[in-house]
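J.: quick one: sequence plus predicted model below, questions after.
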Amino acid sequence: MFKFQKLSLFLLVIAGSVLLTGCLDRQTPAEKIFAELENVVALEEEFEQQQDPLVQLEKREQEIYEEILALGLKEYDQITKLSDEALDGVAQRKEHMEKEQESLKASETEFQKVDEHIQNIEDADLKEQATELFDIMNERYAIHDELYESYQSGLEHDKVLYEMFKDEELTLEQLEDQINKVNEAYSKVLDANERFNQQTDKYNQSKLEFYEAAGLNAQTTEE
């Protein structure tokens with residue numbers, strides 16, 4: 001039997017929250033950037049909340065897939081029941097992924113405000129560092145867009161696969177072709193997910209280095 005490996009998303013998020021101490025009555029450009037970055041963290045809370053439900057749904061769907069293959073193509077009633085459960089899970093995953101994308105888009109919109117404050121930094125080295133931070137984060141958003149599109153493609157191929165399982169005339173050739181499409185989509189998801197995690201780590205490190213260079217009296221607390 002043909003078998004594919006479902007890919008669970010373990011998406012990293014911007015680590016921790018940062019507390020700035022001291023008087024902010026008269027904020028420097030760096031302090032204004034700090035404030036915007038904290039708003040970005042808050043806006044990604046919805047993104048974080050989607051991770052565990054997505055992983056659990058993906059895990060259950062993999063179990064269903066394996067159960068279907070173990071039954072063989074002749075157990076139509078049970079296969080239909082399991083396929084319907086899987087299709088319900090696909091719909092739920094789509095909802096979580098939409099919420100995740102909406103959270104990242106809100107974060108991205110807020111983050112663009114940082115650019116204006118960067119332009120007001122007088123120190124050339126600090127300005128360059130802030131610009132690098134800005135570019136790193138924007139690349140992170142772009143990678144997530146790739147991830148989102150690939151995941152949506154995977155969901156659509158999953159739907160077709162589980163509808164096919166309910167077809168009594170399904171052939172192994174048709175099944176193999178569809179499984180290949182599913183695998184290809186999730187291979188792209190995995191690649192984008194790895195790059196997204198790496199870019200998130202890179203951003204977190206760049207952010208802390210910027211805070212240090214700017215002389216911000218900040219401390220990081222991680223969940």
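T.: Great, that's in hand. Numbers count the residues shown, from 1 in each chain.

J.: C-alpha only now, for contacts and for neighbours.
T.: Will do.

J.: count of residues packed around residue 213?
T.: As a burial measure, residue 213 scores 14 neighbours (other CA atoms under 10 Å).

J.: tell me who's in contact with it.
T.: residue 126 (CA atoms under 8 Å, 6 or more residues apart in numbering).

J.: quick check: the gap between it and residue 119.
T.: 17 Å (CA to CA, to the nearest Å).

J.: for residue 156, same thing?
T.: 43 Å.

J.: residue 38 now?
T.: Using CA to CA, residue 38 is found at 19 Å from residue 119.

J.: the two: which is more packed in?
T.: Using other CA under 10 Å as the criterion, residue 38 and residue 119 rank with residue 38 on top: 17 against 12.

J.: how about the strands of the protein, start to end?
T.: 17-20, 218-221 (DSSP state E).

J.: got a list of what residue 195 touches?
T.: Contacts of residue 195 (CA under 8 Å, 6+ apart): residue 143.

J.: can you give me the pLDDT of residue 91?
T.: On pLDDT, residue 91 comes in at 98.

J.: distance of it from residue 61?
T.: Separation of residue 91 from residue 61 (CA to CA): 12 Å.

J.: which one's more surrounded, these two?
T.: More neighbours surround residue 61 than the other of residue 91 and residue 61, with 22 against 14 (other CA under 10 Å).

J.: give me the number of residues near residue 212?
T.: Residue 212: 12 surrounding residues under other CA under 10 Å.

J.: and residue 141, by the same measure?
T.: By other CA under 10 Å, the residues close to residue 141 number 19.

J.: how close does it sit to residue 112?
T.: 11 Å.

J.: counting neighbours, show which residues of stretch 110-117 come out buried.
T.: Residues of stretch 110-117 classed as buried: 111, 114, 117 (neighbour count, 16 or more other CA atoms under 10 Å).

J.: what residues are up against the last one?
T.: Put plainly, it is residue 117. Residues near residue 117 by CA under 8 Å, 6+ apart: 29-30, 32-33.

J.: okay, it: pLDDT?
T.: 97.

J.: cool, the first one as well?
T.: The pLDDT attached to residue 111 in the predicted structure is 97.

J.: mind listing the helices for this structure?
T.: Ranges of helices within the chain are 29-43, 45-49, 51-71, 76-111, 114-119, 124-165, 172-214, based on DSSP state H.

J.: name the residues of stretch 62-70 that are buried.
T.: 62, 64-65, 68.

J.: try stretch 93-102
T.: 93-94, 96-102.
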